[in-house]
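1. Coordinates only, no sequence provided:
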């Protein structure tokens with residue numbers, strides 16, 4: 001019975017994760033086919049704006065972002081390519097092609113996908129699920145634990161089974177909740193990518209403020225504030241904070 005409970009939980013969890021990851025393609029098929037045709041013919045500048053429209057219309061489809069990133073990469077728009085790859089990676093982090101291309105683009109910009117000192121396998125496991133999938137798995141485990149607890153309290157005949165299910169579900173609730181918390185604590189909540197060849201970081205939100213630092217194209221930062229045409233950004237690893245023009249960076253998602 002215990003094996004059955006574990007298998008049942010994993011089946012439900014896997015189904016939930018797959019349902020979250022599988023996003024419908026809502027954009028017109030003809031547009032996608034046209035963009036794919038341009039890409040195959042090496043017309044990357046013509047494919048990119050169509051992929052951009054597709055990604056805007058269906059932002060939860062990782063493949064539109066991925067194909068857009070490929071088009072940007074082929075036209076040497078490294079910052080925009082990294083931004084698109086990151087959007088795709090956030091939606092489907094376990095896909096090998098998305099992960100490889102993001103790592104390749106980051107390496108070209110002088111950065112790495114896997115932090116120094118962390119084994120590749122550990123990093124892959126850490127990002128096995130997207131943020132949305134982790135949240136879904138957490139709530140699924142929590143509700144299953146609550147239902148099993150209610151069954152234990154109300155149905156006498158179900159006490160042995162419901163107790164096991166409640167214990168297993170509670171353990172998975174802690175696992176997915178802790179995993180989700182660690183990711184929220186360590187990842188940038190509002191990441192963005194520098195898209196200019198050189199981006200000036202100023203001490204205040206305006207061109208009259210002094211330039212305190214610069215960063216190259218493709219550098220990943222966190223948006224922490226916004227004022228008119230400027231973002232306040234942070235680079236944790238280097239301990240840098242400052243203001244940049246909004247047109248100089250591409251947010252990965254809407255800044256919180």
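-> Arrived safely, thanks for sending. Treat the numbers as computed from the prediction; the structure is a model and nothing was measured.

2. nearest residue to residue 225 other than its sequence neighbours?
-> Setting aside the residues directly before and after it, residue 225 is nearest to residue 232 in space (Cβ to Cβ, 6 or more residues apart in numbering), at 3.7 Å. (C-beta placed from N, C-alpha, C; glycine too.)

3. Confirm that the one you found sits in a strand.
-> Yes: under DSSP: H, G, I helix; E, B strand; the rest coil, residue 232 sits within a strand.

4. residues contacting it?
-> Residues near residue 232 by Cβ atoms under 8 Å, 6 or more residues apart in numbering: 205, 223, 224, 225, 226, 241, 242, 243.

5. Quickly list what it is bridged to.
-> Legend: beta-bridge partners of residue 232 under DSSP bridges are residue 225, residue 243.

6. Tell me how far it lies from residue 206.
-> 12 Å (Cβ to Cβ, to the nearest Å).

7. joint contacts of the two?
-> Here residue 232 and residue 206 share the contacting residues residue 243, scored by Cβ under 8 Å, 6+ apart.

8. those helices in the stretch 1-150 of the chain, which residues are they?
-> With DSSP state H, counting those that start in this stretch applied, the stretch 1-150 of the chain shows helices at 2-21, 29-40, 44-57, 62-74, 78-91, 96-108, 120-126, 131-154, listed in chain order.

9. One more: the stretch 151-256 of the chain?
-> Secondary structure of the stretch 151-256 of the chain (DSSP H, counting those that start in this stretch): helices located at 159-186.

10. give me the low-pLDDT residue ranges for it?
-> Residue ranges of the stretch 151-256 of the chain with pLDDT under 70: 254-256.

11. ok, now the stretch 1-150 of the chain?
-> For the stretch 1-150 of the chain, the stretches flagged by pLDDT under 70 are 1-29.

12. again, 90 this time
-> 1-30, 116, 148-150 (pLDDT under 90).

13. Walk me through the domains of this structure.
-> As given by automatic domain parsing, the domain ranges for the chain are 18-126, 129-186, 191-251.

14. starting at the chain centroid, how far to the second one?
-> Spelled out, that is domain 129-186. In terms of Cα atoms, centre = their mean, to the nearest Å, the centre of domain 129-186 is found 24 Å from the chain centre.

15. end to end, how far does that domain reach?
-> For domain 129-186, the first-to-last residue distance is 15 Å (Cα to Cα, to the nearest Å).

16. go on, stretch 69-80?
-> In stretch 69-80, first residue to last residue: 7 Å (Cα to Cα).

17. so how far is residue 125 from the residue nearest to the spatial centre of the chain?
-> Note on the chain: the residue nearest the mean C-alpha position is residue 90, at 1.7 Å, using Cα atoms, centre = their mean. Look at residue 90 and residue 125: by Cβ to Cβ, they are 17 Å apart.

18. how about the nearest residue to residue 77, chain neighbours excluded?
-> Nearest residue to residue 77 in three dimensions, chain neighbours excluded: residue 195, at 7.5 Å (Cβ to Cβ, 6+ apart).

19. for residue 53, that is, sorry about that
-> Once flanking residues are discounted, residue 53 sits nearest to residue 31: 7.0 Å by Cβ to Cβ, 6+ apart.
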